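**Q** Turn this into a model:
(one chain, ligands or ions: 2)
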Amino acid sequence: MMTFRPIALTLISAMGLALTSCSPGSTPDGEADTHMVQSVIPAERFFTADQFTYANHQEVIVSHADLDLDVNFNRKVLDGAVTLAFERLAPEAQTLTLDTKDLLIKAVALQTQDGWTPADYTLADADPVLGSAMTINIGSEASQLRIIYETSPSAEGLQWLSPAQTAGKEKPYLFSQAQAIHARTMLPIQDTPAVRLTYSANLRVPEGLLPLMSASQDGQSEDGSYSFSMPQPIPSYLIAIAVGDIKFKAINDTIGVYAEEYILDASAEEFAETPQMEVVNTALYGPYRWGRYDLIVLPPSFPYGGMENPRLSFMTPTLIAGDKSLTNVVAHELAHSWSGNLVTNSNWRDAWLNEGFTSYVENRVMEELYGERRAVMEQVLDMEGMKRAISEAKRPELTHLKLPDDMAHPDEAFTLVSYIKGANFLFFLEDRFGREKFDPFLRNWFNDYAFESVTTEDFLSFLHENLHKDNPDALTRAELDAWVYGPGLPDTARKPVSDAFDEVAGLSARWENGEISASGLPTKNWSTHEWLHFLNGLPELTRAQYKDLDDAFSLTGTQNAETAFAWYMQAIKGGYEAAYPALEEFLMTVGRGKFIYRLYGALKDNGQAEMANRIFAEAKAGYHPIAQRRISATLSE
Ligand code: BES
Ligand code: ZN
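**A** Ligands and ions are numbered 1, 2, ... in the order given. Below you'll find the model as predicted:
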């Protein structure tokens, strides 16, 4: 049996310091001082710099951003200034390099003894993914600078909707999406999760519109501007803004929902169990540290299911199913208040520390609130999705939890590998050590690293020090390595079994063989989960069989977005054309990436490229810039 080799935490921090000599403006390759490494684990596993930032954050860090912006819907720009407070980690540092993308920089000033004085700066040529490095001469005394700038109407992190694109049809709407590297299209910033900063903002918006941010909403001043403050240090990807004809409904004293009027009551009802989720999370993992927790239901072009912006999760309206069947996404975004927002991956290579932990916590909360039956069904559905993701991976390294250092875009880190292989690694640890030990261990992890940015290796050394050292027989180093640094799903993974799903599979087989008709399937008590398992498991059917199902259950045009998606995927696979008009309607009205990327991909792969291109040409203007880029790439591959 191989023994576990301890990783000294102090070593990791020492190497972090060893990197302070990186030159400004370069993308440091993160080669650490290898002579310090005692372990057989290669040095690059301890620390690599974030390849997706130009920031020289090992020398100077921005600790606060104060925004003062006009939200200009006519020109589709944020226009104003940001004042950055910074600290020199390297006392001799004379330059500060920030990330920017598609920003119009108008002026830069430094605060000196003589007041605000113009500062020298350069803006490098733009890289298509990373944008332009902005290097400012900060001299040796100043600790604040101000940049007058405006964003671009095509900023990838912002979607500007015309009144016609909203449900109310009368007022425009704006929302942001900064994760992973789009904050730099909203403001000049050190756009890496390794750096945490506090922020404040003053926003001016047209009359009748409400602005919100991922911060405490400090109200309106006499001049009509709205103030916000985020006193806890957060990574840049959690800076967020939404502006629109937005109304609020309380769920309890500290939790509520923002949405356009048409969906406000339904949203408050759908998310009514959020307070219980917070109670369960807190009981398991320690206090909720962010004050209020609100949700905002965005327009349907929001490209994600949810986004964990602190104090204010951004949610897709496709969750409003009417029966609380899709609330695991709320459990997920809320769970990020611990895993991700409190303890943050310091590099997108370690994205599983955010998403895997969160998917694990999400499932624990679902189990506590809705019982094991539902939690296990969700585990099985997730596992099926992950196996597909593993089989579709472009290269084996992208199925490691610790991702390679040459990803083309951080989006490559957000596959079901990070989410579900990550969650399953924690299920594995839970099973080996037992909940009575593992739960307090995780609680301590969130507590000890609160408001810090961490790596996979920090977690492994914490695991060793706090759990494995005293229980050495629970697992081997080789088993651990296979999970973190190896491809695919290790055979030590938990194998969830859902009796409910087994029953569905048995019935499905009988229907496929013609033993029973669709209307004879006992689906009355099926939950959305059972439907999803049934639909995802269908082989290619005859047209008559699709029609039999559709006639019995009216699947085409169903209002549950997850069920609709699963059905349309089958319809495309089998060429069931009767579903195409409803599929087209779905693609025209829903912008959630999880659904539309795969639907366009399936159309293309099943001989319907022409239809895909035609629909995309029409739908494109309504999609978020992030979705536009992804689908354009899929269709032109
Ligand atoms: N942080 C993610 C959303 C995200 C991922 C934004 C990658 C930018 C880049 C969020 O917490 C998330 O994971 N949302 C999921 C829901 C979840 C239940 C799997 C989604 O959008 O579907
Ligand atoms: Zn997440």
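
**Q** contacting residues for the residue of the chain at minimum distance from ligand 1?
**A** Of all residues in the chain, G305 sits closest to ligand 1, at 2.8 Å by C-beta to the nearest ligand atom. For every residue, glycine as well, the C-beta is placed using N, CA and C. Under the criterion of C-beta atoms under 8 Å, 6 or more residues apart in numbering, the contact partners of G305 comprise M315, T316, T318, L319, V329, H332, R592, K594.

**Q** Of those residues, which is the nearest to ligand 2?
**A** Of all these, the one sitting nearest ligand 2 is H332; the distance, using C-beta to the ion, is 5.5 Å.

**Q** quick check, the closest one in a strand?
**A** No. H332: not assigned to a strand; according to DSSP: H, G, I helix; E, B strand; the rest coil it is helix.

**Q** which non-adjacent residue is nearest it?
**A** Taking C-beta to C-beta, 6 or more residues apart in numbering as the measure, H332 lies nearest to E362, with 4.3 Å between them; neighbours along the chain are not counted.

**Q** In which helix or strand does the one you found reside?
**A** helix 352-370 (DSSP states H and E).

**Q** Give the next helix or strand downstream of that helix.
**A** Assigned by DSSP H and E, the successor of helix 352-370 is helix 372-392.

**Q** For that following helix, C-alpha coordinates in PDB please.
**A** Presented in PDB, the C-alpha positions along helix 372-392 are these (Å, rounded to 0.1, in the frame of the first residue of the first chain):
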ATOM      1  CA  GLU A 372     -32.800  10.700   0.200                       C
ATOM      2  CA  ARG A 373     -35.000   9.500  -2.600                       C
ATOM      3  CA  ARG A 374     -34.800  12.900  -4.400                       C
ATOM      4  CA  ALA A 375     -31.100  13.400  -3.600                       C
ATOM      5  CA  VAL A 376     -30.200  10.000  -5.000                       C
ATOM      6  CA  MET A 377     -32.200  10.600  -8.200                       C
ATOM      7  CA  GLU A 378     -30.300  13.900  -8.600                       C
ATOM      8  CA  GLN A 379     -27.000  12.000  -8.100                       C
ATOM      9  CA  VAL A 380     -27.900   9.500 -10.700                       C
ATOM     10  CA  LEU A 381     -28.900  12.100 -13.300                       C
ATOM     11  CA  ASP A 382     -25.700  14.000 -12.600                       C
ATOM     12  CA  MET A 383     -23.600  10.900 -12.900                       C
ATOM     13  CA  GLU A 384     -25.100  10.100 -16.300                       C
ATOM     14  CA  GLY A 385     -24.400  13.700 -17.500                       C
ATOM     15  CA  MET A 386     -20.800  13.500 -16.200                       C
ATOM     16  CA  LYS A 387     -20.100  10.200 -17.900                       C
ATOM     17  CA  ARG A 388     -21.200  11.900 -21.200                       C
ATOM     18  CA  ALA A 389     -19.000  14.900 -20.500                       C
ATOM     19  CA  ILE A 390     -16.000  12.600 -19.800                       C
ATOM     20  CA  SER A 391     -16.600  10.700 -23.000                       C
ATOM     21  CA  GLU A 392     -16.900  13.900 -25.000                       C
END
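
**Q** For R364, which non-adjacent residue is spatially closest?
**A** Setting aside the residues directly before and after it, R364 is nearest to L284 in space (C-beta to C-beta, 6+ apart), at 6.4 Å.

**Q** Can you get me a residue count around that neighbour?
**A** 19 (other C-beta atoms under 10 Å).

**Q** What is the helix holding E362 packed up against?
**A** For helix 352-370, the contact count by 3 or more C-beta pairs under 8 Å, 6 or more residues apart in numbering; DSSP states H and E identifies helix 274-285, helix 328-335, strand 343-345, helix 372-392, helix 422-433, helix 456-463 as packing neighbours.

**Q** just checking, what packs against the shortest one?
**A** Yep, that's strand 343-345 we're talking about. Other helices and strands packing on strand 343-345, by 3+ C-beta pairs under 8 Å, 6+ apart, are helix 352-370, strand 452-454.

**Q** Save those as a markdown table, and put in distance to ligand 2 and mean neighbour count too.
**A** Putting the helices and strands packed on strand 343-345 into a markdown table (distance: least, C-beta to the ion, whole Å; neighbours: other C-beta atoms under 10 Å) gives the following:
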| stretch | distance to ligand 2 | mean neighbour count |
| --- | --- | --- |
| helix 352-370 | 5 | 24 |
| strand 452-454 | 16 | 18 |
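
**Q** so which of these gets nearest L197?
**A** Ranking the helices and strands packed on strand 343-345 by proximity to L197 (C-beta to C-beta) places strand 452-454 first, at 11.4 Å.

**Q** Note down every partner strand of the closest one and its orientation.
**A** According to DSSP bridges, strand 452-454 has the following sheet partners: strand 343-345 (parallel).

**Q** what does the strand it pairs with contact?
**A** The set of residues external to strand 343-345 that reach it, using C-beta under 8 Å, 6+ apart, is 193, 196, 235, 351-354, 357, 445-446, 449-450, 452-455.

**Q** now the contacts of G305: which count as buried?
**A** By the neighbour-count criterion of 16 or more other C-beta atoms under 10 Å, these include these buried positions: M315, T316, T318, L319, V329, H332, R592, K594.

**Q** buried sites along whichever helix or strand the last one is part of?
**A** In this case it means K594. Applying DSSP H and E as the criterion places K594 in helix 593-605. For helix 593-605, a neighbour-count test (16+ other C-beta under 10 Å) marks G593, K594, F595, I596, Y597, R598, L599, Y600, G601, A602, L603, K604 as buried.

**Q** Including distance to ligand 1 and pLDDT, could those go into TSV?
**A** Formatted as TSV, the entries for the buried residues of helix 593-605 read as follows, by distance: C-beta to the nearest ligand atom, whole Å; pLDDT from 0 to 100:
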residue	distance to ligand 1	pLDDT
G593	7	97
K594	5	97
F595	9	98
I596	12	98
Y597	11	98
R598	12	98
L599	15	98
Y600	17	98
G601	16	98
A602	18	98
L603	21	98
K604	22	98
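
**Q** Any residues of the stretch 151-300 of the chain in contact with ligand 1? List them.
**A** Counting by C-beta under 6 Å from any ligand atom, the positions of the stretch 151-300 of the chain adjacent to ligand 1 are Q179, A180.

**Q** ok so, going back, and the buried residues of helix 593-605, which is closest to ligand 2?
**A** The closest of the buried residues of helix 593-605 to ligand 2 turns out to be K594 (C-beta to the ion; 11.8 Å).

**Q** and that closest one, what is it in contact with?
**A** Taking C-beta under 8 Å, 6+ apart as the criterion, K594 is in contact with Y304, G305, F565.

**Q** Tell me which residues are up against whichever strand or helix holds Y546.
**A** Taking DSSP H and E as the criterion, Y546 maps to helix 543-553. Contacting residues not belonging to helix 543-553 are listed as 512, 517-519, 521, 523, 541, 555-556, 570-571, 574-576, 578-579 [C-beta under 8 Å, 6+ apart].

**Q** which ones among these are found in helices?
**A** Those of the contacts of helix 543-553 mapping onto helices are E512, Q570, A571, G574, per DSSP state H.

**Q** hmm, which of the residues you listed are the buried ones?
**A** In these, burial by neighbour count holds for Q570, A571, G574, counting by 16+ other C-beta under 10 Å.

**Q** will you turn those residues into JSON lines that also has distance to ligand 1?
**A** Converted to JSON lines, those look like this (distance: C-beta to the nearest ligand atom, whole Å):
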{"residue": "Q570", "distance to ligand 1": "20"}
{"residue": "A571", "distance to ligand 1": "22"}
{"residue": "G574", "distance to ligand 1": "26"}
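
**Q** Pick out whichever of the residues you listed sits closest to L583.
**A** A571 (6.6 Å).

**Q** Name the nearest residue to that closest one, ignoring sequence neighbours.
**A** With C-beta to C-beta, 6+ apart as the measure, A579 is the residue that lies nearest to A571, at 3.8 Å, once sequence neighbours are left out.
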